[in-house]
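1. take this sequence and fold it.
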Amino acid sequence: MHERPVKRRDHGLLIRRQVALGDPCLADANTSARSADRADLAACYREYVVTSTPPSASKFDRTTADEGPQSPQRRAMLRAAAAGGAGLLAVRTASAQTAASPSGQPATLGRQPSFQPDSDATTADVIVETLLAWDVDHVFGMVGDGINPIIEALRRRQDKIRFIGVRHEEAAAFMASGWAKSTGRLGVCVATTGPGAVHLMNGLYDAHFDGAPVLAITGLTFHDLIGTRFQQSVDTSALMQDVALYNTVVTGPRHALTVTDIACRTALGSRGVAHLTVSKDVQGMHFSEDKASSENHGLRTSTAWSRPTPTPARNELQAAADLINAGNRVAIMAGQGALGATAELEQVASRLNAPVAKALLGRTVLPDDSPFSTGGIGHLGTVPSEETMHRCDTVLIIGTTMPWVDSYPKPGAARGVQLDIKAERIGLRFPVEVGLVGDTKETLRALLPLLRQKDDAFLRDIQGSVVQWNALLDRVAATERTPLRPQSVIRAVSDALAPDAIVCLDCGANTHFSARFLTLRRNQQLVATGMLATMAPGLPFAISAQLANPARQVVAIVGDGGFAMLMAEMSTAVKNGLPVKVVLLRNDMLAEVVFEQKELGNPAYGCELGAIDYAQIATACGAEGLRCTSPAGLKPAIDALLRSPRTALLEIHVDPAEPITMPGHLSV
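-> Below you'll find the predicted structure:
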């Protein structure tokens, strides 16, 4: 992930923070064909922020100068053009972050400690003020008596940090995870004591499994009633033990001064979940009431942050280069760990004339129309990707632990090099000979000069397979029938997307069809659930992505099963004035489970959903509800959906009998 330009903190109006952080609607002119349709939303958003009532005077004395942060450079589009041969690709290195990749937590400089609490400051004040110091400007959650002091601390700083109230805490955790995935910044969610904390777990596991930096803050029962079987006295620290990399009970405002920093740094630095839980009475404890222990001699921690960019030692890079240079048919498998290193990946692929297969969360590391891209890999992948992995004699695995072992080369059939930021993931799926532990961007930069140019014979063969595969996809998508083929729907949506659209996926049969029939172009972005593969995050992901990118088109592609789990969040999107677009594939059943049951030789059972009118549900929530039931009405319905300036949902009736296939079994 790229980091944003170094800046000094400024906790003025949120509108000024967003300009400094580079929100497209506030800093840059949007180049999308639909920018005019979204201008009204940006104007309303600015009006909301500027006219918000300022809170009462802060209880903190700032020790940093009130300087406006430096504006980041404009995003640059990486352009690649095949010249003379498939392997002769001229790559212009981007001078700034592409929209296809999350831009990352902004680096910060400034005097430390960044603030000094007043004697009247509470534990909740300290926590929220520390979040501001870590550049957090959105918090997702649901109010409750177990976190009332924290909610009050947020209310009094609503000009600096926006609280997004949800209808279910699971959605809050998904939104925090989606925020982290779509921006690379710290996502934060809050939940009340007991059941509220329990409801967070699924979304937190999504962040945990996919390496998304998220901080969860939960309430805890009264400090002197812990262990007495008091109402809602769930041991939230024990609850979070498996999911959280950092997990502690906050004992008071002095403790909060240090552990909130540690939690934020751990989530960002180790790419996962951190958790703080605070007794409801401790949240309201004043700094003056919290006597330091005999060994706490004024301990303070730091909020300074810069993205770690480690690179392997020279001898390790040379060993990797020697292995790759010895190969004749080199293939690359890339995942989300390569996001933000598109230019470097293209340069390495060009040097090696290597086809690149992409794991789901890394689908936008290269655009699908790149001469090197073979599309997805694994059970959601393509035949050319499978052929690439099974024909290569050398594989370079970059930033992925894609789980489908049968889609890797057979052990012994190819030699391997793996690059990952986490040492424990080297060799996890394939017995590589050289492991490079480091930042993807910097490591590829260091590796490139050591690699020798290869001919393009292997790449040309694979490109022939890509042409045949794409022709098959075109024939499948062009088939008109009623109910509609899901593949036809996804292709029509893909063709209509804005150039910088953010697409958010749910999990189910819809994911299979989307993974193959979405053509993701340069500057488009994909947000999805990966290793957890959980249903229900599509809409929450879209809500947080839209909040982070007010001027970009955000489209959620969901199935009726996953959407029904958290469909009340349509009202969250409406309440916050978000023009999120939802494409809902309706087949009135859990289609993926049906086919899984059939694969076992069992009849379908328990998979019927019943007839829910999802367009009417959207309308009842205050959104625009649309419906399509025929091929003739598909493109007009999609155009109407994407033109709407409001939150909108398009319910499309698709064939429940359309099979979910492995790559080699797809047919017209």
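2. contacts for the stretch of helix or strand residue 375 belongs to?
-> Assigned by DSSP states H and E, residue 375 falls within strand 373-376. For strand 373-376, contacts defined as Cβ atoms under 8 Å, 6 or more residues apart in numbering pick out 355-360, 363, 366-368, 381-382, 384-385, 387-388, 462, 465-466, 469, 515-516. Just so you know, the C-beta spots here come from the backbone N, C-alpha and C atoms, and that holds for glycine as well.
3. partner strands of that strand and their direction?
-> Applying DSSP bridges, strand 373-376 is found paired with strand 356-358 (parallel).
4. mean confidence score for the strand it pairs with?
-> Across strand 356-358, pLDDT averages out at 98.
5. next: stretch 187-206.
-> pLDDT averaged over stretch 187-206 gives 97.
6. quick check: end-to-end length of it?
-> End-to-end distance of stretch 187-206 (Cα to Cα, to the nearest Å): 12 Å.
7. quick one, phi/psi of residue 278?
-> phi -140, psi 130 (degrees, to the nearest 10).
8. contact partners for it?
-> 123-124, 127, 150, 217-220, 249-250, 256.
9. and the strand holding residue 375, average pLDDT?
-> The pLDDT scores in strand 373-376 average 98.
10. tell me what whatever helix or strand comes next after it is packed against?
-> Remark: after strand 373-376, the chain's next helix or strand is helix 383-391, criterion DSSP H and E. Contacting helix 383-391 under the criterion 3 or more Cβ pairs under 8 Å, 6 or more residues apart in numbering; DSSP states H and E are the following elements: strand 330-334, strand 356-358, strand 373-376, helix 457-478.
11. beyond helix 383-391, next helix or strand please.
-> Scanning onward from helix 383-391 (DSSP H and E), the first element met is strand 394-398.
12. so the spatially most central residue of the chain: helix, strand or coil?
-> Most central in the chain under Cα atoms, centre = their mean is residue 181, positioned 2.0 Å from the mean C-alpha point. For residue 181, the assignment made with DSSP: H, G, I helix; E, B strand; the rest coil gives helix.
13. mind listing the helices for the stretch 151-300 of the chain?
-> Taking DSSP state H, counting those that start in this stretch, the helices of the stretch 151-300 of the chain run over residues 169-183, 195-199, 201-210, 236-239, 253-270, 280-283.
14. quick check: which of those helices is nearest to residue 225?
-> Among the helices of the stretch 151-300 of the chain, helix 280-283 comes nearest to residue 225, with 9.3 Å by Cβ to Cβ.
15. start to end distance for stretch 623-634?
-> With Cα to Cα as the measure, stretch 623-634 spans 20 Å from end to end.
16. identify each buried residue in that stretch, please.
-> Within stretch 623-634, the residues that qualify as buried are 623-629, 631, 634, counting by 16 or more other Cβ atoms under 10 Å.
17. go on, stretch 648-662?
-> Residues of stretch 648-662 classed as buried: 648-656, 658, 660, 662 (neighbour count, 16+ other Cβ under 10 Å).
18. got the CA positions of it in PDB?
-> Extracted as PDB, the C-alpha positions of stretch 648-662 are listed here (Å, rounded to 0.1, in the frame of the first residue of the first chain):
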ATOM      1  CA  ALA A 648     -30.800   3.100  -5.200                       C
ATOM      2  CA  LEU A 649     -31.300  -0.700  -5.600                       C
ATOM      3  CA  LEU A 650     -32.000  -2.600  -8.800                       C
ATOM      4  CA  GLU A 651     -33.600  -6.000  -8.200                       C
ATOM      5  CA  ILE A 652     -32.900  -8.300 -11.100                       C
ATOM      6  CA  HIS A 653     -34.600 -11.700 -11.400                       C
ATOM      7  CA  VAL A 654     -32.000 -14.300 -12.500                       C
ATOM      8  CA  ASP A 655     -32.100 -18.000 -13.200                       C
ATOM      9  CA  PRO A 656     -31.700 -20.000 -10.000                       C
ATOM     10  CA  ALA A 657     -30.700 -23.100 -12.100                       C
ATOM     11  CA  GLU A 658     -27.600 -21.400 -13.600                       C
ATOM     12  CA  PRO A 659     -24.800 -23.700 -12.500                       C
ATOM     13  CA  ILE A 660     -21.700 -22.500 -10.500                       C
ATOM     14  CA  THR A 661     -18.800 -24.000 -12.300                       C
ATOM     15  CA  MET A 662     -15.100 -24.500 -11.900                       C
END
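19. centre of the chain versus it, how much separation?
-> Chain-centre distance of stretch 648-662: 24 Å, with Cα atoms, centre = their mean, to the nearest Å.
20. I'd like the average pLDDT over that stretch.
-> Here stretch 648-662 scores 96 as its mean pLDDT.
21. how far away is the nearest residue in space to residue 367 that is not next to it in sequence from residue 244?
-> Distances taken as Cβ to Cβ, 6 or more residues apart in numbering put residue 522 closest to residue 367, at 4.2 Å, once the chain neighbours are dropped. According to Cβ to Cβ, to the nearest Å, residue 522 and residue 244 sit 36 Å apart.
22. please apply the same query to residue 481.
-> Going from residue 481 to residue 244 by Cβ to Cβ gives 48 Å.
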